[in-house]
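S.K.: can't give you the sequence, but here's the structure:
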């Protein structure tokens with residue numbers, strides 16, 4: 001019997017879903033023996049401990065920018081994780097370029113109407129993981145398209161304007177391919193496919209650089225052309241840029257109990273490519289055709305010896321006094337993060353990370369379990 005107890009997140013158990021409010025109120029539980037794998041938790045009908053230890057401090061609602069500050073620096077200081085800069089940027093829509101913030105600007109560090117909150121900040125004996133608060137993530141500069149979505153993309157082929165660099169309120173002409181699944185209407189995102197050197201080598205699908213948005217005013221089905229108006233431009237838009245119906249706003253949804261087991265992997269993530277902490281997005285190559293629905297939860301897992309996996313030479317060359325013994329045939333599986341499905345396409349889904357203690361990388365295992 002352990003002489004100490006560990007605080008950990010009590011995730012939803014077999015026997016029913018929990019609401020977002022229930023999830024927040026019951027986020028910390030105390031157990032003497034904590035299941036760490038999905039299988040052990042299901043057998044014991046107890047919560048899953050996401051491995052890791054953290055220390056806590058408070059994030060203020062606002063911060064006054066000082067000379068030399070960047071979003072990277074500010075989120076690194078207050079969140080303990082500089083990769084959170086897109087999250088803070090989403091709270092400050094008046095910032096048109098994340099590379100430029102100015103002294104004396106009032107920077108919002110939390111969503112509206114949300115009180116100051118604790119943040120994970122290093123190791124401690126007792127282990128807690130911050131729960132996810134309700135909110136919205138809005139994609140500004142990067143997005144993701146699976147192969148099917150890319151087939152429906154159109155291209156900016158011309159404009160009645162007499163200048164090269166197009167801006168809001170300019171009219172543009174769009175052309176679409178022959179195999180459209182539906183008639184183009186509403187708002188479309190303007191994008192270019194991200195070069196390979198700006199993303200991970202093993203990523204699937206297409207990461208795209210977002211330049212703005214257009215509103216389709218009319219569509220000529222015979223010629224597959226549309227007249228549209230530019231309604232947003234993060235950078236000047238040019239002829240040749242592509243357009244597609246890319247989801248850019250993701251609202252947290254209540255958890256939904258899964259009715260099946262499903263194993264897959266992380267297909268892609270937005271820049272930055274390593275995700276640590278909550279409210280970051282990853283993409284999985286499974287969707288509605290595999291029974292995935294919004295609210296379903298996926299657990300990111302890993303197994304192995306992280307130190308050994310990262311060695312660039314022998315253990316002794318890295319300072320070890322002894323050569324490590326042979327590794328076992330299989331290591332236990334560790335749950336390193338939980339995510340919730342916030343958008344579903346036929347063959348892919350978008351997952352918002354709700355809890356994590358380690359970075360989630362492209363290629364990591366992702367598992368959905370029945371009754372969770």
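M.R.: In hand now; what should we look at? Source: prediction; values computed, not measured.
S.K.: Surely residue 85 is in contact with residue 71?
M.R.: Yes - contact criterion C-beta atoms under 8 Å: residue 85 and residue 71 qualify, at 4.0 Å. Using the backbone N, CA and C atoms, a C-beta is placed for each residue, glycine as well.
S.K.: quick one: which of those two has more around it?
M.R.: Set residue 85 next to residue 71 and count neighbours by other C-beta atoms under 10 Å: residue 71 wins out with 22 against 19.
S.K.: The more buried one contacts residue 90, doesn't it?
M.R.: No - using C-beta under 8 Å, residue 71 is not in contact with residue 90, being 10.9 Å away.
S.K.: Show the pLDDT at residue 370.
M.R.: At residue 370, the predicted lDDT confidence score is 90.
S.K.: what's the neighbour count on it?
M.R.: 12.
S.K.: I'd like to check which residues are in contact with it.
M.R.: Going by C-beta atoms under 8 Å, 6 or more residues apart in numbering, residue 370 touches 258-261.
S.K.: Overlap of the contact sets of residue 85 and residue 71?
M.R.: With C-beta under 8 Å, 6+ apart as the test, residue 85 and residue 71 both reach residue 98.
S.K.: per-residue pLDDT, the most centrally placed residue in the chain?
M.R.: In the chain, the residue lying closest to the centroid (C-alpha atoms, centre = their mean) is residue 281, at 1.0 Å. In this prediction, residue 281 carries a pLDDT score of 84.
S.K.: Do I have it right that it meets residue 269?
M.R.: Yes - in terms of C-beta under 8 Å, residue 281 counts as a neighbour of residue 269; the distance is 7.0 Å.
S.K.: Tell me the buried residues in the longest strand belonging to the chain?
M.R.: Across the chain, the longest stretch assigned as strand under DSSP state E is strand 206-220. Buried residues in strand 206-220, counted by 16 or more other C-beta atoms under 10 Å: 206-214, 216, 219.
S.K.: ditto for stretch 242-256
M.R.: Here stretch 242-256 shows 242-248, 250, 252-253, 255-256 as buried, counting by 16+ other C-beta under 10 Å.
S.K.: What separation do you get for residue 90 and residue 307?
M.R.: 35 Å (C-beta to C-beta, to the nearest Å).
S.K.: Between these two, which is the more surrounded one?
M.R.: residue 90 (19 against 11).
S.K.: Give me the pLDDT value at that one.
M.R.: For residue 90, pLDDT reads 83.
S.K.: isn't it right up against residue 110?
M.R.: No - the pair residue 90 / residue 110 is not scored as a contact, 11.2 Å apart, by C-beta under 8 Å.
S.K.: What segments of the stretch 151-300 of the chain are strands?
M.R.: 154-158, 171-176, 187-193, 206-220, 225-233, 242-244, 249-251, 262-265, 268-269, 281-284, 297-302 (DSSP state E, counting those that start in this stretch).
S.K.: and those as TSV, adding distance to residue 317?
M.R.: Shown next, in TSV, are the strands of the stretch 151-300 of the chain (distance: least, C-beta to C-beta, whole Å):
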stretch	distance to residue 317
strand 154-158	53
strand 171-176	57
strand 187-193	41
strand 206-220	37
strand 225-233	53
strand 242-244	49
strand 249-251	45
strand 262-265	32
strand 268-269	32
strand 281-284	35
strand 297-302	25
